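In: need a structure here:
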Amino acid sequence: MSDQDQNQRRHPLGFLIVALAGCVAHAPPLPAGCACDNDCKLARICEAGHCVWPKAPAPLACEVPLATAGGAPVSVGPPAQGMFRFEPQHRGRSPFKLPAQRPEIRWTFETGGPITSSPALSSDGLILVGSHDGRLHAIDRQGKSRWSFATGDLIFSSPAVASFGAVYLGSDDDFLYAVDGRSGKSLWKVRAGNCAQTQGVGPEASRCDVDGGPTIGLDGTIYFGGDAVYAVDPNGNLRWRFATGGHISTAPAVAADGTVVVGSMDNSVYVINKDGTKRWDFRARGDVESSPAIEEDGTIYFGSDDNKLYAISPLGQIVWAFSTGDDIRAAPTIGRDGTVYVGSFDSLFYAVHRDGTPAWTFRTGDRILSSALVDAAGAILFGSQDDRLYCLEPDGKLRWSVELGGDVDSSPILAADGTIYVGTDDKKLYALHAP
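Out: Below is the predicted model of the structure:
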């Protein structure tokens with residue numbers, strides 16, 4: 001079956017919507033008093049409170065090799081050494097295999113605050129992680145500190161490591177930082193917004209916090225959230241800023257064609273063209289603090305505080321919504337077979353088939369905020385606020401679990417040698433390895 005036939009079978013209304021939009025593409029804007037795209041009929045989108053016919057950008061690109069003028073595939077190389085969810089599309093797929101046996105704690109590294117940031121690995125052997133002590137820590141494979149970099153507030157953001165070694169990290173002091181990966185020295189910083197209060201808690205203090213991202217696109221552009229969505233080049237120059245109706249606590253996902261997908265605390269997910277203009281938005285019934293993931297066919301998955309996991313087509317139409325028992329703030333993981341995995345605040349971890357039907361569930365002892373990874377053989381790894389790290393078989397059966405010293409809200413990563421790195425609320429980064 002061709003890709004077009006598969007898309008028609010899966011999204012039968014999508015092609016009708018495109019056809020209708022094409023017939024009226026030159027119609028004048030129609031005022032509708034809208035707040036988001038969901039308030040508009042047909043394929044119109046909401047711009048400045050009015051429903052208008054959008055420009056005609058292509059749908060989210062399926063991932064195909066770039067080509068030269070002669071048609072031969074060319075490689076653009078990896079966009080980064082490491083980042084949240086491993087790649088710009090945020091599918092959570094590791095190329096390595098999880099240990100078959102229960103791993104042991106090889107070492108721990110203690111910081112000055114809880115660790116909810118997800119670690120990243122650099123090519124020179126460093127594990128990079130942010131802490132609520134306001135520092136970015138660089139730790140070697142033996143568990144020793146190589147350097148640390150101080151910001152002005154708590155760090156929830158997960159670091160991203162550029163292909164040339166620079167480390168990008170956001171802080172609740174409203175700045176995105178670029179740090180030299182070898183020395184830990186500052187390269188540049190970019191401020192998000194102009195909030196009068198840059199530190200502490202409360203609506204004004206939190207509105208500009210840079211805890212959404214950063215994500216590195218295929219062309220090296222850095223995307224992050226705060227009071228808006230930002231795109232900056234590797235030198236820290238602003239390319240564009242896209243305003244939303246709420247704080248951005250999610251890490252933007254970036255499709256192969258440069259399209260940006262991001263969730264906001266105004267209940268919406270926004271799809272943004274490469275030039276920073278809006279393509280469309282979709283409104284849920286609760287804040288979107290779950291970072292989205294993009295499947296190969298362009299389907300977008302995300303969770304919401306309305307207790308649902310959503311699948312949205314590349315045209316912005318709902319494919320399905322799967323209900324859980326509480327908020328979903330973990331990022332969905334997309335298995336290589338199309339199964340979608342996500343944890344919920346109801347303490348359950350869910351596996352959902354591509355068509356939105358349940359595959360299985362696994363119960364933990366507390367809320368799940370940690371985003372899972374799926375390994376090369378389909379095993380799944382995630383943490384829970386019951387202080388445990390869980391490894392499940394592809395059919396949902398427990399392979400092993402390890403009790404750590406605090407809530408496991410950090411999303412674990414897996415190194416090529418099978419070592420697992422994850423942070424916890426007991427202020428420690430853990431390295432676990434099977435004997």
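In: Once you drop chain neighbours, what's closest to residue 149?
Out: Residue nearest to residue 149 in three dimensions, not counting chain neighbours: residue 136, with 4.4 Å by Cβ to Cβ, 6 or more residues apart in numbering. Just so you know, the C-beta spots here come from the backbone N, C-alpha and C atoms, and that holds for glycine as well.
In: what sits against that neighbour?
Out: Residues in contact with residue 136, defined by Cβ atoms under 8 Å, 6 or more residues apart in numbering, are 128-130, 148-149, 151, 155, 159, 167, 169, 177, 179, 184.
In: possible to save those residues as JSON lines with pLDDT and neighbour count?
Out: JSON lines is the format used below for the contacts of residue 136 (pLDDT from 0 to 100; neighbours: other Cβ atoms under 10 Å):
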{"residue": "128", "pLDDT": "98", "neighbour count": "28"}
{"residue": "129", "pLDDT": "98", "neighbour count": "28"}
{"residue": "130", "pLDDT": "98", "neighbour count": "31"}
{"residue": "148", "pLDDT": "98", "neighbour count": "16"}
{"residue": "149", "pLDDT": "98", "neighbour count": "22"}
{"residue": "151", "pLDDT": "97", "neighbour count": "24"}
{"residue": "155", "pLDDT": "97", "neighbour count": "31"}
{"residue": "159", "pLDDT": "97", "neighbour count": "29"}
{"residue": "167", "pLDDT": "97", "neighbour count": "26"}
{"residue": "169", "pLDDT": "97", "neighbour count": "29"}
{"residue": "177", "pLDDT": "98", "neighbour count": "26"}
{"residue": "179", "pLDDT": "97", "neighbour count": "25"}
{"residue": "184", "pLDDT": "97", "neighbour count": "20"}
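In: Among the residues you listed, which one lies nearest to residue 311?
Out: residue 159 (29.2 Å; Cβ to Cβ).
In: Could you measure from that closest one over to residue 121?
Out: Using Cβ to Cβ, to the nearest Å, residue 159 is found at 10 Å from residue 121.
In: which neighbours do those two share?
Out: 82, 128.
In: that older thread, what about the contacts of residue 136, which are in strands?
Out: Cross-referencing the contacts of residue 136 against strands under DSSP state E gives 128, 129, 130, 148, 149, 167, 169, 177, 179.
In: Columns distance to residue 209 on top of the residues you listed, output as TSV?
Out: Output for these, formatted as TSV (distance: Cβ to Cβ, whole Å):
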residue	distance to residue 209
128	20
129	18
130	12
148	20
149	18
167	19
169	13
177	13
179	18
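In: Tell me which two of these sit farthest apart.
Out: Pairwise distances across the ones in strands among the contacts of residue 136 (Cβ to Cβ) peak at 14.2 Å, for the pair 129 and 177.
In: Not counting the helix or strand hosting residue 262 itself, show me its contacts.
Out: With elements taken from DSSP states H and E, the one containing residue 262 is strand 260-263. Residues outside strand 260-263 that contact it (Cβ under 8 Å, 6+ apart) are 212, 223, 225, 229, 231, 242, 244, 248, 250, 252-255, 269-272, 274, 288-292, 294, 300, 302, 304.
In: mind saving the C-alpha coords of the helix or strand just after it as CSV?
Out: The C-terminal neighbour of strand 260-263 among helices and strands, as given by DSSP H and E, is strand 268-272. Presented in CSV, the C-alpha positions along strand 268-272 are these (Å, rounded to 0.1, in the frame of the first residue of the first chain):
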residue,chain,number,x,y,z
SER,A,268,-3.1,24.6,23.0
VAL,A,269,-0.6,22.9,20.7
TYR,A,270,0.9,25.1,18.0
VAL,A,271,2.4,24.1,14.7
ILE,A,272,4.7,26.8,13.4
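In: what packs against the following helix or strand past strand 268-272?
Out: Using DSSP H and E, the next helix or strand after strand 268-272 towards the C-terminus is strand 278-283. Contact here means 3 or more Cβ pairs under 8 Å, 6 or more residues apart in numbering; DSSP states H and E; on that basis strand 278-283 packs against strand 45-47, strand 268-272.
In: Partner strands of the helix or strand just after strand 278-283, with direction?
Out: Using DSSP H and E, the helix or strand that follows strand 278-283 in sequence is strand 293-294. Applying DSSP bridges to the sheet, strand 293-294 is found paired with strand 300-303 (antiparallel).
In: From the chain's centre, how far out is the strand it pairs with? Work that out for me.
Out: Distance of strand 300-303 from the chain centroid (Cα atoms, centre = their mean, to the nearest Å) equals 10 Å.
In: Okay, and residue 351 sits in which element?
Out: strand 348-352.
In: Also residue 206?
Out: For residue 206, the element it lies in under DSSP H and E is helix 203-207.
In: which is the next helix or strand following that helix?
Out: Using DSSP H and E, the first helix or strand after helix 203-207 is strand 212-216.
In: who are the neighbours in contact with residue 339?
Out: Residues near residue 339 by Cβ under 8 Å, 6+ apart: 351, 352, 353, 354, 359.
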